[in-house]
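Trainee: below are the sequence and a predicted model; questions follow.
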Amino acid sequence: MPRISKEQMQSLLKLYFIMGSNNCRIEPELVLQQAIEGGISIFQFREKGTDSMAGEEKYQFAKQLKSICISQKIPFIVNDDIELALALDADGVHIGQDDGSVKEVRKRIGDKILGVSTHNLEEVHSAIADGADYLGIGPIYTTTTKEDAKKAQGTTLIKELRRIGIEIPIVGIGGITSENAAPVIENGGNGVAVISEISLADHPLENTRRLLNTINDSFI
Ligand code: 3NM
């Protein structure tokens, strides 16, 4: 399989759901199924932080979520854990700035999808040069989900990147809900990534549908 095209990547980023076991109040499998039914376009397995799983338990849990994604044709991305992504033959990986060299990860995963979290212009240029397929930019708004999140930056960086002609697919992340998602798209994002707006919802299916409607209405 060749590297994913820019157009394909852009459309996959539209509604990016991220989740691990500690982000859920009900069965994670149920949350994921509802999110898929509600219209997410891609999923990231992110098993991190307090009370997160490790080892065999993490592997089996990831395998279970991957099989749900595969059966519904939703790409399955693994956060940080390259070994796990390779062992499961995931569709791709997402890494942050502290998760090793982008170039090295690109070498290890071949043509799988590679996403990189970036927070400023310098990181953006390096990630693109080193082989990222898309960028995660955040936190757009204040979030309590990520323990070491940086200060909220709004859509300033996304807007600036588009102004200077950078065309790489971009997803905004951090504190995004159906109430505040519109500016991310209006300022040049190709989609939004959320954890709690879906994972902690009383009705994940309804929240997913609402968010998708907001996103669809925001593309000009
Ligand atoms: N990365 P929620 S913010 C995983 O800024 C993650 O790079 C961020 O969770 C970044 O949608 C974040 O619940 C947490 O705010 C997103």
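Mentor: Cool, the structure landed.

Trainee: only C-alpha atoms from now on, for both contacts and neighbour counts.
Mentor: Fine.

Trainee: for the record, mean pLDDT for stretch 167-186?
Mentor: Average pLDDT, stretch 167-186: 98.

Trainee: ok, now stretch 20-29?
Mentor: Rounded mean pLDDT across stretch 20-29 is 96.

Trainee: just the buried positions in that stretch, please.
Mentor: Neighbour-count burial for stretch 20-29 flags 20-24, 28 (criterion: 16 or more other C-alpha atoms under 10 Å).

Trainee: quick one: name the residues of this structure near the ligand.
Mentor: Contact residues, the chain versus the ligand (C-alpha under 6 Å from any ligand atom): 117, 137-139, 143, 145-146, 149, 173-176, 194-196.

Trainee: and the top helix by length along the chain, what does it pack against?
Mentor: In the chain, taking DSSP state H as the definition, the longest helix is helix 55-71. Applying 3 or more C-alpha pairs under 8 Å, 6 or more residues apart in numbering; DSSP states H and E, one finds that helix 55-71 contacts helix 28-38, strand 42-45, strand 76-79.

Trainee: what residues does the longest one touch?
Mentor: The set of residues external to helix 28-38 that reach it, using C-alpha atoms under 8 Å, 6 or more residues apart in numbering, is 17, 20-21, 24, 64-65, 68-69, 72, 74, 198-199, 204-209, 212.

Trainee: before we move on, back to that, taking the residues of the chain next to the ligand one by one, which sit in helices?
Mentor: Ser196.

Trainee: mind checking which of the residues of the chain next to the ligand are buried?
Mentor: 117, 137-139, 143, 173-176, 194-196.

Trainee: pick out the most distant pair among those residues.
Mentor: Ser117 and Ser196 (18.2 Å; C-alpha to C-alpha).

Trainee: okay, strands next: where are they in this protein?
Mentor: 15-19, 42-45, 76-79, 92-95, 113-118, 134-137, 170-173, 191-194 (DSSP state E).

Trainee: TSV please, covering the ones you listed and showing distance to Ser218.
Mentor: Formatted as TSV, these follow (distance: least, C-alpha to C-alpha, whole Å):
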stretch	distance to Ser218
strand 15-19	13
strand 42-45	19
strand 76-79	25
strand 92-95	26
strand 113-118	23
strand 134-137	18
strand 170-173	14
strand 191-194	10
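
Trainee: dump the residue contacts of Ile4.
Mentor: By C-alpha under 8 Å, 6+ apart, the neighbours of Ile4 are 111-113, 133.

Trainee: from those residues, which single one is nearest Leu86?
Mentor: Leu86 lies nearest to Lys112 out of those, by C-alpha to C-alpha, at 9.7 Å.

Trainee: the closest one - how many residues pack around it?
Mentor: By other C-alpha atoms under 10 Å, 21 other residues sit near Lys112.

Trainee: dump the residue contacts of it.
Mentor: By C-alpha under 8 Å, 6+ apart, the neighbours of Lys112 are 3-4, 91-93.

Trainee: list only buried entries from these.
Mentor: By 16+ other C-alpha under 10 Å, those give 91-93 as buried.

Trainee: ok, back up a step: quick check: which of the strands of the chain is buried the most?
Mentor: Mean neighbour count (mean count of other C-alpha atoms under 10 Å) peaks for strand 170-173 among the strands of the chain, with a mean of 28.

Trainee: pull out the buried positions in stretch 211-220.
Mentor: Buried residues in stretch 211-220 (16+ other C-alpha under 10 Å): 211-212, 214-215.
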